[in-house]
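In: Sequence first, predicted coordinates after that:
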Amino acid sequence: MVELNTVFFDLLYLLAAVLFIMGIKKMGHPRTAVLGNLLGVVGMLIAAGVSFAIILENDAIQNSVTLPIGTIVGAIFIGTFFGTMLATRVQMTEMPQLVAIFNGVGGLASVLVAAASLLAAEEGALHVEVMVAGGISGLIGGVTFVGSAVAAGKLLELAFFKKSIPLPAILRHLLNLMMFAGCIWCIYAMVINGNVTMNFVGICILGCTLGYTLTTPIGGADMPVVIALLNSYSGLAAAATGFVVDQPVLIISGSLVGASGIILTSLMCKAMNRSLLNVLFGGGAASAYEEDDEVYATVIRTSPEDVAIMVDMADRVVFVPGYGMAVAQAQNAVSDLAKQIEERGATVEYAIHPVAGRMPGHMNVLLAEADVDYSQLKALEEMNPDFDEVDVAIVIGANDVVNPEARREGTPVSGMPILNVDEARQVVIIKRSLSPGYAGIANPLFAADNASMLFGDGKAMIQDISTALKELD
């Protein structure tokens, strides 16, 4: 009977793994992303259910049911409660912070599971590969946990996480290298002398410290890359823990997360014209640029009525959404205005930068919510060659992704591909103020000869333009 159950459980684990793979495949396109997410959820429910059933078959559990089962059920209830609360309350603008937190929690879970398995084993019963996998889980999980906490703090703009490490870059890199070498030594010592407890604790402490020293110096403009990389780390930590607890489905799911995270990190580095080494070890060096007052000395203000006249006379209008659109929840108002403009015979498109907002696909998801047709969403490489033929470009809360400073050396965004909005015949920038973007530098586009600023809440300003356009009839 036990052998039959084992075969049945293995088949269910295989089904869960297949669902994970199919889910990731489906999430590669906005039209099938919801189905892909659902497949992943079903796969995880199956894997968790099988793991729970295996626990019930354990002799130790059968002899003492109340405490272990009660603890497991209680943990499931607490996790479900907080997960549901976060999922239902989080705003789209807070999604990157939530992803960072989930990465951190995943890393911490891997460390705790590996620790419980290693410390509960009898002396001399652990194989070399299990101890090595446990050490790797402690290292990567510790880096992921603290690194994700720092990333979330930076995104939340908490003062503590904005502080830099008061060490020259070369000393900081040397310190990181020494801590990494210390982790490797602890893993070696754990294998050689069998002292699991002290060495594993040492690995976790060094890993957590590394998470802080590696993430703190990285600038805000590169934080989306860091979050994608930490997501990969959380998967690798889970895969390593899978070897410790002998769970193939954990190895498979962790490997999928690790691989997809690395691919996403690579794509984002390419989109920002950054090398991963530059992001991790560049340290966000300060740059020299003009003071804001000098850059914005020739800013031209406009009004919703003037913008309505511009789009009424235009043949081609391009909306450039950014984080400010997400904050204002202006996507539906933008969609409504776009339909008005199309009814007047103009062509409307949306120029989407790969890292607009604070995570990949941020703008695509928001515009999909507003029923914007996918064919109207133009990627950077598709839109840039045509900006000189655009009559009116309306920038809604975007900053760094349209900043011409990226074409100049020595700035935090130097070399990053941007949307060539400044090449349009007329540019309207909708922002609450002249405050800088996440990179923390001024934007000369705001004071360009062909640009004008419409100050105010993104949603309110778009609605005012829509009202003014109706009044032109």
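Out: Perfect, I can see it now.
In: Quick check: pLDDT value at residue 362.
Out: Residue 362 is assigned 79 on the pLDDT scale.
In: What is the burial count for it?
Out: Counted with other CB atoms under 10 Å, the neighbours of residue 362 add up to 24. Where you see a C-beta, it was placed from the backbone N, CA and C, and this is true even at glycine.
In: ditto for the one 10 residues further on
Out: The burial count assigned to residue 372 is 23, neighbours taken as other CB under 10 Å.
In: which SSE is the residue lying closest to it once chain neighbours are set aside in?
Out: Closest residue in space to residue 372, ignoring its immediate chain neighbours: residue 335 at 5.4 Å, by CB to CB, 6 or more residues apart in numbering. According to DSSP states H and E, residue 335 maps onto helix 331-343.
In: picking up where we left off before, contacting residues for the residue nearest to residue 372?
Out: 367, 370-372 (CB atoms under 8 Å, 6 or more residues apart in numbering).
In: all helices for the stretch 101-250 of the chain, in order.
Out: Here the stretch 101-250 of the chain has its helices, by DSSP state H, counting those that start in this stretch, at 128-155, 159-162, 169-193, 196-215, 223-245, 248-271.
In: so the last one versus helix 128-155, what angle?
Out: Okay, so that is helix 248-271. Going by axes from the mean of the first three to the mean of the last three CA atoms, to 10 degrees, helix 248-271 is angled at 40 degrees with respect to helix 128-155.
In: any weak-confidence spans in the stretch 301-450 of the chain?
Out: Counting by pLDDT under 70, the stretch 301-450 of the chain contains low-confidence ranges at 358, 438.
In: can you give me the strands for it?
Out: 316-321, 347-352, 377-379, 392-396, 426-431 (DSSP state E, counting those that start in this stretch).
In: number of nearby residues for residue 76?
Out: Residue 76 - counted by other CB under 10 Å - has 12 other residues nearby.
In: Report the distance from the helix holding residue 335 to the chain centre.
Out: Computed by CA atoms, centre = their mean, to the nearest Å, the chain-centroid distance of helix 331-343 equals 29 Å.
In: CSV for the helices of the stretch 101-250 of the chain, including distance to residue 87, mean neighbour count and mean pLDDT?
Out: Below are these laid out as CSV (distance: least, CB to CB, whole Å; neighbours: other CB atoms under 10 Å; pLDDT from 0 to 100):
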stretch, distance to residue 87, mean neighbour count, mean pLDDT
helix 128-155, 16, 25, 91
helix 159-162, 24, 11, 74
helix 169-193, 34, 15, 91
helix 196-215, 25, 21, 92
helix 223-245, 17, 26, 89
helix 248-271, 18, 19, 86
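In: List just the one of the ones you listed that sits closest to residue 21.
Out: Closest of the helices of the stretch 101-250 of the chain to residue 21 is helix 248-271, at 6.7 Å (criterion: CB to CB).
In: Tell me how far residue 271 lies from residue 212.
Out: Between residue 271 and residue 212 the computed distance is 27 Å (CB to CB, to the nearest Å).
In: Please disregard the earlier target; I meant residue 452.
Out: 44 Å.
In: Same check on residue 386?
Out: 45 Å.
In: how deep is residue 403 tucked in, by neighbour count?
Out: Neighbourhood size, residue 403 [other CB under 10 Å]: 28.
In: didn't it look like it was pressed against residue 446?
Out: No - Residue 403 lies out of contact with residue 446 (CB atoms under 8 Å); the separation is 9.4 Å.
In: Over to residue 455: give its phi and psi.
Out: Per-residue torsions, residue 455: phi -80, psi 130 (degrees, to the nearest 10).
In: Give the full set of residues in contact with it.
Out: 301, 431-433.
In: most surrounded residue in the residues you listed?
Out: residue 431 (23 neighbours).
In: That one bridge partners, please.
Out: Beta-bridge partners for residue 431, by DSSP bridges, are residue 455.
In: what residues are up against it?
Out: Neighbours of residue 431 in contact, by CB under 8 Å, 6+ apart: 324, 397, 399, 453-455, 458.
In: Emit the PyMOL select command for whichever of those residues are buried.
Out: Filtering the contacts of residue 431 down to the buried ones (16 or more other CB atoms under 10 Å) takes a single PyMOL command:
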select buried, resi 324+397+399+453+454+458
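In: Can you convert the contacts of residue 431 into TSV and add a column each for distance to residue 312?
Out: As requested, the contacts of residue 431 are exported to TSV (distance: CB to CB, whole Å):
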residue	distance to residue 312
324	24
397	23
399	27
453	20
454	16
455	21
458	21
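In: Compute the first-to-last residue distance for stretch 450-465.
Out: 19 Å (CA to CA, to the nearest Å).
In: scratch that, stretch 159-167 is what I was asking about
Out: 19 Å.
In: Please apply the same query to stretch 441-450.
Out: Across stretch 441-450, first to last residue, CA to CA, it's 21 Å.
In: From residue 194, how far out is residue 111?
Out: Distance, residue 111 to residue 194, by CB to CB: 20 Å.
In: Tell me which of these two has more neighbours.
Out: Shown here are residue 111 and residue 194; by other CB under 10 Å, residue 111 has more neighbours (26 against 12).
In: how about the more buried one, what does it touch?
Out: Contact analysis of residue 111 by CB under 8 Å, 6+ apart lists 137-138, 141-142, 145, 204, 207, 237.
In: repeat that for 6 Å
Out: By CB atoms under 6 Å, 6 or more residues apart in numbering, the residues touching residue 111 are 138, 141.
In: What does the pLDDT read for it?
Out: pLDDT for residue 111: 94.
In: cool, the one 10 residues further on as well?
Out: The per-residue pLDDT reported for residue 121 equals 79.
In: and the gap between it and residue 139?
Out: Distance from residue 121 to residue 139, by CB to CB: 19 Å.
In: ok now stretch 128-139, how far from the chain's centre?
Out: On CA atoms, centre = their mean, the centre of stretch 128-139 falls 27 Å from the chain's centre.
In: And for it, what's in contact with it?
Out: Contacts of stretch 128-139 (CB under 6 Å, 6+ apart): 110-111, 114, 118, 183, 187, 190-191, 200, 203-204, 207, 237, 240-241, 243-244.
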